[in-house]
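Asks: Have a look at this fold, sequence not included:
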């Protein structure tokens, strides 16, 4: 006879989460590490009660903003190579709506995370409840419907027994490397507290096996033929290579067959930069070396990449007329991109099998890989030593920002420090095993070009969605994943202002993070974009109504929260602050005043953006005409 146990829906949920395990490469461990929560009337009496009564091994963390704690959960999963997750529970209405930006971030980056927002009443007895939206065409629509297009799997629980099939489907999605992404299960708030006689076997230890998908003989034969026929192959390392832990075999293949490596943002630090054949980031935010080698490639071997416009320079980075593509990806849809030969399989095992089939093959690059790398290293050295002067300073960024404007910023912010100089000094000052976290603005471009990781998996950039506000929250998630390593959130002032609430959470729970805040008094990246494309500087600088540049004391904000803070405007102060911050046991913030227009510029790359076809400004007309010419050489599919 079937044994049952009477539990509320919420109690059954928490018990089930405690029993989920994942099995990868012979290792087995719990899949759900914990749960972030902000309690409200849609979840406090259901999921809140269940957690208070019996949370099991789940670590329960009180967040400060729903988007912020969700980003922390996403960063945790990303840093754990998608092998463990935190769940996130919110109230109904605004609490659930605040998940939207985070859900988009997880979906774009293919990161598994479990969202558990509360929902309206299944009985509809008190309809409409507090924070319920009303649509005339359907009483079934709630705020959570907005999360449907942002979820890999979405469900609404209106009866207790529905939970069982829904959770099984949810965990199938989250533990599948090809489909991994955000799962949203919204539970009606009355149903959270409703009891049901659940089959006890539903709560038995359940193991989700992640077996590496092997390539077929046909796929291997085709891949080998393409590689052996090529003279100048290039390996493009994407995020899928990192999640597959393919770094060692990539180095082996690259070294033995003399094939250069270039990286996407997600793939960076799969292989350390100190590896001789690693030429760094490719595309819009790529290095000169990587972009030069990519353009002459006759075969691009894409390993776990989505080929976004930044990686492909809006489909102009490669010689599409003469080059071919070989894509290795667990996702069939991703493998099809750029009309490639597809190998739908795990990156690591595919490369290991290719290794035994490429005996005798060597590319024809000769000394070119090392020459290009040396040329780029020399350029990086130049960027590390830029100094500002008030009479004849040429910004790295090509736009109409003149000397007088730069001098105004130097006076207002009381600094003469260029951004690239500060970043490289930081790269050379912090411990090699430190993990940096970034997401949006001009900093990701600088980081992909000039930040040189010497240890794998120490570069954590969310650039699939480039979500402003991820950086501080993400640093907390990374610290949860790597408690014994220093974690640095590298964030601009614009992004910091968007969202930094989880700094308080980090302080509250004694999870030390270090925030490195680059303050150039504006949305510098977008200011560059508008001015480089013929426009003026319009509403992207932080100025008062009487046109004075804002000089905000961010260090004082962090100090008020309880962090140790520093203010720096030269390299010596930065080095001293970094050294002292390493000795602290609590979270820190280093406010760096930097000059605008001192970030790196593009290196033989192009980005297709929506320039106005009709304008009164000749500068915009010229940019539009140049864009149309460039599009004639770009691949269209």
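Replies: Sure, I can see it. As the structure is a prediction and not an experimental result, all values here were calculated from the model.
Asks: how does this structure divide into domains?
Replies: With domains defined by automatic domain parsing, the chain comprises 4-209, 217-365, 385-593, 610-637.
Asks: of those domains, which approaches residue 602 most closely?
Replies: domain 217-365 (6.3 Å; Cβ to Cβ). Every residue, glycine included, has its C-beta placed from N, CA and C.
Asks: The closest one spans what distance, first to last residue?
Replies: Distance across domain 217-365, first residue to last, is 29 Å (Cα to Cα, to the nearest Å).
Asks: Please work out the average pLDDT along that domain.
Replies: Average pLDDT, domain 217-365: 98.
Asks: if I pick residue 23, what's in contact with it?
Replies: 207-210 (Cβ atoms under 8 Å, 6 or more residues apart in numbering).
Asks: what do you get if the cut-off is 10 Å, keeping everything else the same?
Replies: Contact analysis of residue 23 by Cβ atoms under 10 Å, 6 or more residues apart in numbering lists 29, 31, 175, 207-211.
Asks: so it is in which element?
Replies: Using DSSP states H and E, residue 23 falls within strand 20-24.
Asks: Tell me the neighbouring strands of whatever helix or strand comes next after that strand, and mark each as parallel or antiparallel.
Replies: Using DSSP H and E, the helix or strand that follows strand 20-24 towards the C-terminus is strand 27-30. Strand 27-30 pairs in its sheet with strand 20-24 (antiparallel), by DSSP bridges.
Asks: Give me the buried positions along the partner strand.
Replies: Buried residues in strand 20-24, counted by 16 or more other Cβ atoms under 10 Å: 20, 22, 24.
Asks: what bridges to the last one?
Replies: This points to residue 24. If you apply DSSP bridges, the partners that residue 24 bridges to are residue 27.
Asks: And it, what's its pLDDT?
Replies: Residue-level confidence at residue 24 comes out at 97, pLDDT.
Asks: who are the neighbours in contact with residue 232?
Replies: Taking Cβ under 10 Å, 6+ apart, we find residue 232 in contact with 259-260, 293, 296-299, 319, 323, 363-365, 368.
Asks: Can you lay out the residues you listed as a markdown table showing neighbour count, secondary structure and distance to residue 217?
Replies: As requested, the contacts of residue 232 are arranged in a markdown table below (neighbours: other Cβ atoms under 10 Å; DSSP: H, G, I helix; E, B strand; the rest coil; distance: Cβ to Cβ, whole Å):
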| residue | neighbour count | secondary structure | distance to residue 217 |
| --- | --- | --- | --- |
| 259 | 25 | coil | 23 |
| 260 | 25 | coil | 28 |
| 293 | 23 | helix | 31 |
| 296 | 15 | coil | 31 |
| 297 | 27 | coil | 26 |
| 298 | 18 | coil | 25 |
| 299 | 22 | strand | 21 |
| 319 | 15 | coil | 30 |
| 323 | 19 | coil | 26 |
| 363 | 21 | coil | 25 |
| 364 | 11 | coil | 28 |
| 365 | 21 | coil | 29 |
| 368 | 17 | helix | 34 |
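Asks: mind giving me TSV with these and columns for distance to residue 626?
Replies: Converted to TSV, these look like this (distance: Cβ to Cβ, whole Å):
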residue	distance to residue 626
259	34
260	30
293	25
296	24
297	25
298	28
299	30
319	21
323	24
363	34
364	34
365	32
368	30
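Asks: can you give me the helices in the stretch 251-400 of the chain?
Replies: Assigned by DSSP state H, counting those that start in this stretch, the helices in the stretch 251-400 of the chain fall at 288-295, 309-312, 332-335, 347-355, 368-384.
Asks: Give the buried residues for the third one.
Replies: Okay, so that is helix 332-335. For helix 332-335, the neighbour count (16+ other Cβ under 10 Å) marks 334-335 as buried.
Asks: what's next to that helix, contact-wise?
Replies: 110, 178, 219, 238, 240, 302, 304-307, 325-329, 340-345.
Asks: switch the cut-off to 8 Å
Replies: With Cβ under 8 Å, 6+ apart as the test, helix 332-335 has contacts from 178, 240, 305-307, 327-329, 342-344.
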